[in-house]
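**Q** Turn this into a model:
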Amino acid sequence: MAFALAVSCTETTHPRVQLTKLTTIPDSVIIPIEQAQQMVANYAPRAGYVEREGQQLPNTRSIWMDLDVIEAFVAQLRANDASGIRFYLAAYDATYAENDMWQNVPPSRYWDYNTVLLVPTDTPTAEGLYPDYLTQPDHAEATGSVTLAAPPIINRGEISPPDSTFPVNN
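**A** Numbers count the residues shown, from 1 in each chain. Modelled structure (predicted):
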């Protein structure tokens, strides 16, 4: 199957910054499948292991997330003038108490595994940095910039265990 991609951009004006609205994916961010497979293979030894009932199991190397969730997240960010999404590599706690203070305790099968957090970013600072609402939750108040009433940070994708048919796992 052949795959072709046309690139086009349109300029839009944002109240604080000039943005380029992409109408297609730029060639500069697309990589060949062979390169993607090599990058996944490079990560495998870094991913580590999780101990479960005396067994060392490969830690998470990929996360699947429903497209509807991603689209709703992006729509909410656009409505609040967020500038982008920062992806944080993270890990669940090894254990959670039944009466844990966190409102979103993951299923126990996820405990101690790697995960990914999607965190909204604000418009760039004068230095060209994109503050986010995880590392700088008070940024919006301090700068008078975009305020997301309850900054949505999303996580709950499905852990995708390494596929045994994927070439780098053989």
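
**Q** what about the helices in the chain?
**A** With DSSP state H as the criterion, the chain has helices at 33-47, 67-79, 139-143.

**Q** Would you mind putting these into CSV with mean pLDDT, mean neighbour count and distance to residue 120 alongside?
**A** The C-beta positions use only the backbone N, C-alpha and C, and glycine is treated the same way. As requested, these are exported to CSV (pLDDT from 0 to 100; neighbours: other CB atoms under 10 Å; distance: least, CB to CB, whole Å):
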stretch, mean pLDDT, mean neighbour count, distance to residue 120
helix 33-47, 92, 12, 25
helix 67-79, 89, 12, 5
helix 139-143, 49, 14, 10
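
**Q** So which of those helices is nearest residue 24?
**A** Ranking these by proximity to residue 24 (CB to CB) places helix 67-79 first, at 16.4 Å.

**Q** Point out the other helices and strands that the closest one packs with.
**A** Secondary-structure packing of helix 67-79 (3 or more CB pairs under 8 Å, 6 or more residues apart in numbering; DSSP states H and E): strand 84-91.

**Q** The same query, at a cut-off of 7 Å, please.
**A** On a contact count with 3 or more CB pairs under 7 Å, 6 or more residues apart in numbering; DSSP states H and E, helix 67-79 meets no helix or strand.

**Q** Run a quick neighbour tally on residue 118.
**A** For residue 118, the count of nearby residues is 21 (other CB atoms under 10 Å).

**Q** Could you double-check that it sits in contact with residue 88?
**A** No - in this structure, residue 118 is not within contact of residue 88 by CB atoms under 7 Å, at 8.0 Å.

**Q** What residues are bridge-paired with residue 154?
**A** Beta bridges link residue 154 to residue 118 when assigned by DSSP bridges.

**Q** quick one: it from residue 60, how far?
**A** Residue 154 is 16 Å from residue 60, where distance means CB to CB, to the nearest Å.

**Q** And those two? Which one has more around it.
**A** A direct count of neighbours by other CB under 10 Å for residue 154 and residue 60 places residue 60 higher, at 23 against 17.

**Q** how close does the closest residue to that one other than its chain neighbours sit to residue 88?
**A** Once flanking residues are discounted, residue 60 sits nearest to residue 114: 4.0 Å by CB to CB, 6 or more residues apart in numbering. For residue 114, the distance to residue 88 equals 11 Å [CB to CB].

**Q** Comparing these two, which shows the higher neighbour count?
**A** residue 114 (18 against 14).

**Q** Could you pull up the residues touching residue 104?
**A** For residue 104, no contacting residues are found, by CB atoms under 7 Å, 6 or more residues apart in numbering.
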